[in-house]
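Asks: Kindly generate the corresponding structure for this input.
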Amino acid sequence: MPAVLKWHRLGTFAGCVLLSACTGLIGDSLSAPNDVGADSSSNARDIPESELPQFLASTAAMKLLSVQQRNDSLHDIFGAELAIPETLNPPRFSDGFSSLALGSASLTASEVESFESEAEAIARQVMSTTSLRTRFLGCVPSSASDDCVRKALAKVGRRLFRAPVADSTVGALLSLSAASATDLGGIDQGIAAALSALLQSPRFLYRVENGETDPDDPSRKRFTAYEMATRLAFFIWNSGPDEALLAAAQNGELDTTSGIATAASRLLADGRSKTGLAPYFRELLVVDDVSLVTKDPDKFPEMTTSLAESMERELNAYIESFALEDESFLDMFVTPVAFADDELAAHYDLPSAGNRVNFPATSGRAGFLTTAGYLAIHAKRLHTSPTLRGLFVRNRLLCDSIPPPPADAGTFEDDPSVPDADADDMRALLSMHQQNPSCASCHKLMDPLGFGLEAFTATGARHADAAQRDLSGELDGVTFTDAPGMSRAVRSSPKLADCMVRRFYRHAVSHHEILGEERSIRAMSAAFADSQYRIASLVVAIVQSDAFRYTRTESSQ
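Replies: As a prediction, the model looks like this:
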């Protein structure tokens, strides 16, 4: 498309029509990825129920779509055969989660240019590919602005914007299509320009949420039916709403908690819920970090690329079984099973491979925290790290706030003098943490948990002398003597279920909970417990909550 069209006709159209009421969308930098770090939650869970404030909704915000969300939405709308140009834009993370970063993200100037080029390429592809063109138009236009084009733009715009497109916007699109057809010498080129404008709109690239006055309580603002449809779809499917969900919004079915629960149950029953929810659990459990694991090849020759791939498949299988099927999610941390191919089974000293192979009691393994993948991720290149293994549990799973170490803190990273074969020596080396007051306050929370996993090497294999090792430790006063005991202590901690609810809620709404939402959080936790900690039940509890359904402006109380 000529530059004069991109920056004059299309730029003017986007600026005047599609960018209205959308400010602060372009920033200077990306949000930086974070490691496990310190949890940013407050101590709200320690406040007695009687002292909690009444419910107060969080403020409305615009949420940028991730690359995956954008691509999945486009495939849902135009078809799986649509070839989407590969983007080089890096993913965003905040506190280790993409959803939190997207809740406050702005587009960079380079991303705006990238999206423009992508939109133009997709629009040309749609108009030049018979199957895509037929799906989009469904008719043969006689001009670039006839009724066929009007209906097609309104229909696809409804899917892209996740709400009906205003007549004035459709009119502007038709004007752009007609003018571009004249400039570029063809009906298809004109329609492609209009479609490209839709694809570049913040109404597509962002989830725009303004809310509306609640007719049953004018003092409150609820999300509109179409905003609720969008919230449900991106939470459960990680993609935009389908026609059935948009129809439910149009028919008022999402104006009640029962209607929302019905819609959520339909989305959960659809296979897309597994692909939609899985990325969150991969982030929660840092599964993708398996591909980054490197070990000293002389010390750990078994740590091959293929073994790392086997580890990753097993961690994904844990998610599939315990998060995405009808099982207790918390049992993930105590169930002694392996999802092992031949290479991983050999690494585990199992007699055979298979899904849900039971570990013998002598294995010293029980649940996710004793998988080779988890143990390899949370270890050093040359040796284990009780600190890293304990930090993950404290921060990621229990939502305990562990601040980053001071700048002058020492490290055993890549120190060949540090053993990986003697747990007593590792205890002795880490005992210096207890002698330094600036270190002790944090390390006394992390190291004792990690000592319970010192039966396993930096690659997650079991030490030959594991039975003779001192694996004792404690979690908040609960003592244990081995890895299964440590796993049981984590599973039985009330912090685990509470933290899982808080993190999942943050993912659902793309922001950290505020104190005014605490009553809703506790209601979600109660429903989670009543369901024996099933994720599908937690999803329904979240979407029915006031915290998910209501919003407010900065000025409202």
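Asks: For residue 253, which three-state class applies?
Replies: coil (DSSP: H, G, I helix; E, B strand; the rest coil).
Asks: who's in contact with it?
Replies: Contact analysis of residue 253 by Cβ atoms under 8 Å, 6 or more residues apart in numbering lists 225, 259, 262, 263. Every C-beta, even on glycine, is put in place using the N, C-alpha and C of the backbone.
Asks: swap the cut-off to 6 Å and go again
Replies: residue 259 (Cβ atoms under 6 Å, 6 or more residues apart in numbering).
Asks: ditto for residue 545
Replies: Neighbouring residues of residue 545 by Cβ under 6 Å, 6+ apart: residue 520.
Asks: Just the pLDDT at it, thanks.
Replies: At residue 545, the model reports a pLDDT of 98.
Asks: any idea how far it is from residue 526?
Replies: Relative to residue 526, residue 545 is positioned 11 Å away (Cβ to Cβ, to the nearest Å).
Asks: count of neighbours near residue 342?
Replies: 12 (other Cβ atoms under 10 Å).
Asks: Any figure for the gap between it and residue 364?
Replies: Distance, residue 342 to residue 364, using Cβ to Cβ: 22 Å.
Asks: tell me the phi and psi of residue 298?
Replies: The phi/psi pair for residue 298 (degrees, to the nearest 10) reads phi -70, psi -40.
Asks: pretty sure residue 366 contacts residue 487?
Replies: Yes - in this structure, residue 366 is within contact of residue 487 by Cβ atoms under 6 Å, at 4.5 Å.
Asks: Quick check: neighbours shared by those two?
Replies: Residues touching both residue 366 and residue 487 (Cβ under 6 Å, 6+ apart): residue 334.
Asks: So if I had to pick from these two, which one is more boxed in?
Replies: Shown here are residue 366 and residue 487; by other Cβ under 10 Å, residue 487 has more neighbours (25 against 22).
Asks: Tell me the pLDDT of the more buried one.
Replies: On pLDDT, residue 487 comes in at 98.
Asks: quick one: buried residues of the biggest helix by length in the chain?
Replies: Identified as the longest helix of the chain according to DSSP state H is helix 109-128. Buried residues in helix 109-128, defined by neighbour count with 16 or more other Cβ atoms under 10 Å: 111, 114-116, 118-127.
Asks: helix/strand/coil for residue 496?
Replies: helix.
Asks: Mind giving me the packing neighbours of the helix or strand where residue 234 lies?
Replies: In the assignment (DSSP states H and E), residue 234 maps to helix 225-236. For helix 225-236, the packing partners by 3 or more Cβ pairs under 6 Å, 6 or more residues apart in numbering; DSSP states H and E come out as helix 243-250, helix 257-269.
Asks: what sits up against it?
Replies: 162-163, 207, 209, 240-241, 245-246, 249, 254, 263-264, 267, 273, 276, 508.
Asks: Nearest to residue 102 among those?
Replies: Nearest to residue 102 among the contacts of helix 225-236, counting by Cβ to Cβ, is residue 207 at 8.7 Å.
Asks: residue ranges with poor pLDDT in this protein?
Replies: 1-42, 88, 406-425, 431-438, 440-441, 554-557 (pLDDT under 70).
Asks: How is it partitioned into domains?
Replies: As assigned by automatic domain parsing, the chain contains the domains 3-42+66-207, 280-492.
Asks: tilt between the helix holding residue 234 and helix 257-269?
Replies: 40 degrees (axes from the mean of the first three to the mean of the last three Cα atoms, to 10 degrees).
Asks: contacting residues around residue 87?
Replies: Listed by Cβ under 6 Å, 6+ apart, the contact set of residue 87 reads residue 67.
Asks: Surely it forms part of a helix?
Replies: No - using three-state DSSP, the secondary structure at residue 87 is coil, not a helix.
Asks: Can you tell me how far it is from residue 105?
Replies: Per Cβ to Cβ, residue 87 is found 15 Å from residue 105.
Asks: for residue 209, same thing?
Replies: Relative to residue 105, residue 209 is positioned 15 Å away (Cβ to Cβ).
Asks: just residue 247 next, same as before
Replies: According to Cβ to Cβ, residue 247 and residue 105 sit 30 Å apart.
Asks: Looking at those two, which one has more neighbours?
Replies: Between residue 247 and residue 105, residue 105 has the larger neighbour count (other Cβ under 10 Å), namely 23 against 12.
Asks: Over to the more buried one: give its phi and psi.
Replies: phi -90, psi 150.
Asks: Residue 107 now?
Replies: Dihedral pair for residue 107: phi -80, psi 140, per degrees, to the nearest 10.
Asks: Any idea how many residues pack against it?
Replies: Using other Cβ under 10 Å as the criterion, the residues surrounding residue 107 number 19.
Asks: before we move on, the earlier item: with distance to residue 514 as added columns, please give the domains of the chain in a markdown table.
Replies: A markdown table is the format used below for the domains of the chain (distance: least, Cβ to Cβ, whole Å):
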| stretch | distance to residue 514 |
| --- | --- |
| domain 3-42+66-207 | 9 |
| domain 280-492 | 15 |
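Asks: Among the ones you listed, which comes closest to residue 57?
Replies: Nearest of these (Cβ to Cβ): domain 3-42+66-207, 14.8 Å.
Asks: how far is that closest one from where the chain is centred?
Replies: Domain 3-42+66-207 has its C-alpha centroid displaced from the chain centroid by 22 Å (Cα atoms, centre = their mean, to the nearest Å).
Asks: Between the helices and strands packed on helix 225-236, which one is closest to residue 355.
Replies: When the helices and strands packed on helix 225-236 are compared by Cβ to Cβ, helix 257-269 sits nearest residue 355, at 22.8 Å.
Asks: Okay, buried residues for the closest one please.
Replies: Within helix 257-269, the residues that count as buried by 16+ other Cβ under 10 Å are 259, 260, 263, 264, 266, 267, 268.
Asks: ok and it relative to helix 243-250, angle-wise?
Replies: Relative orientation of helix 257-269 versus helix 243-250 (the same axes, to 10 degrees): 170 degrees.
Asks: what residues does helix 257-269 touch?
Replies: 232, 236, 248, 253, 254, 273, 536, 540, 543, 544.
Asks: how about that helix as PDB, C-alpha atoms only?
Replies: In PDB, the C-alpha atoms belonging to helix 257-269 read as follows (Å, rounded to 0.1, in the frame of the first residue of the first chain):
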ATOM      1  CA  THR A 257     -24.700 -14.300  37.800                       C
ATOM      2  CA  SER A 258     -26.700 -17.400  36.700                       C
ATOM      3  CA  GLY A 259     -26.400 -16.500  33.100                       C
ATOM      4  CA  ILE A 260     -22.700 -15.800  33.500                       C
ATOM      5  CA  ALA A 261     -22.200 -19.200  35.200                       C
ATOM      6  CA  THR A 262     -24.100 -20.900  32.300                       C
ATOM      7  CA  ALA A 263     -21.900 -19.200  29.700                       C
ATOM      8  CA  ALA A 264     -18.700 -20.100  31.600                       C
ATOM      9  CA  SER A 265     -19.700 -23.700  31.900                       C
ATOM     10  CA  ARG A 266     -20.200 -23.900  28.100                       C
ATOM     11  CA  LEU A 267     -16.800 -22.400  27.500                       C
ATOM     12  CA  LEU A 268     -15.200 -24.800  30.000                       C
ATOM     13  CA  ALA A 269     -16.900 -27.800  28.300                       C
END
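Asks: what's downstream of that helix, the next helix or strand?
Replies: The element immediately downstream of helix 257-269 (helix or strand, assigned by DSSP H and E) is helix 272-284.
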